[in-house]
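Peer 1: no sequence for this one, just the structure:
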C-alpha cells in the first residue's frame, strides 16, 4: 500500500478548506510524477547502455547485457521489451542483419566473402549468417545480390 497516498488521504480528511485540500493533492501529484519520471529516466539509461553495447558487440549475450544494465536477466528482458517493443535477443538479431546488409552494400559489385561478413557482423559462423539472413529476407546473401538492386540506406543505418 502507498504510504504517501494514505498520508494524503489523512491530510484531506483533516482539512477544512477546499483550497488547501486541492493544494495538497496538487503537491502529491507533482511528487508522484517527478518520482516516476526520475525512475523512468534511470531505466531508459540502463536500456540505452545495453543498446549501445549491442551495436558495438552484436554477438553479445543477453546475460552480458543484463549485467551491463545491473539487472537480473528476467528484469532486463522485461524492461527491454517494455521500452523497445521486442526482446533483446530479437533486437540483436536485427542489428546483426543490418550490419551484414551494410557490409554487402559497401561491397556491391564485388564478390562478397560471406565468412568475413558473417564474422564482422557478429555471427558465430558463415552457416549461422546464411540461415539468419534467409529468415529475415527469404534469400541467401548471394541470391539477394543476384535478384535486387543496391538497397536504400534506410535498411542499413540504425535509427
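Peer 2: Noted; the coordinates are in hand. Keep in mind that this is a model prediction, so the values were computed, not measured. Residues are numbered from 1 along each chain as shown.
Peer 1: and the longest helix along the chain, which residues are buried?
Peer 2: The longest helix of the chain (DSSP state H) is helix 18-56. Buried positions in helix 18-56, judged by neighbour count with 16 or more other Cβ atoms under 10 Å: 21, 24, 28, 43, 46-47, 50-51, 53-54. All C-beta atoms are positioned from the backbone trio N, CA, C, and that covers glycine.
Peer 1: What number of residues are in the vicinity of the closest residue to residue 144 other than its chain neighbours?
Peer 2: Spatially, and ignoring its direct neighbours in sequence, residue 144 is nearest to residue 137 (6.2 Å; Cβ to Cβ, 6 or more residues apart in numbering). Residue 137: 16 surrounding residues under other Cβ atoms under 10 Å.
Peer 1: measure residue 137 to residue 50 for me?
Peer 2: 26 Å (Cβ to Cβ, to the nearest Å).
Peer 1: Then residue 122?
Peer 2: From residue 122 across to residue 50, the span is 15 Å (Cβ to Cβ).
Peer 1: What values do phi and psi take at the residue nearest to residue 144?
Peer 2: Dihedral angles of residue 137 (phi, psi; degrees, to the nearest 10) stand at phi -120, psi 0.
Peer 1: Specify which residues of the chain, grouped into ranges, have pLDDT under the cut-off.
Peer 2: By pLDDT under 70, the low-scoring segments of the chain are 1, 108-109, 149-159.
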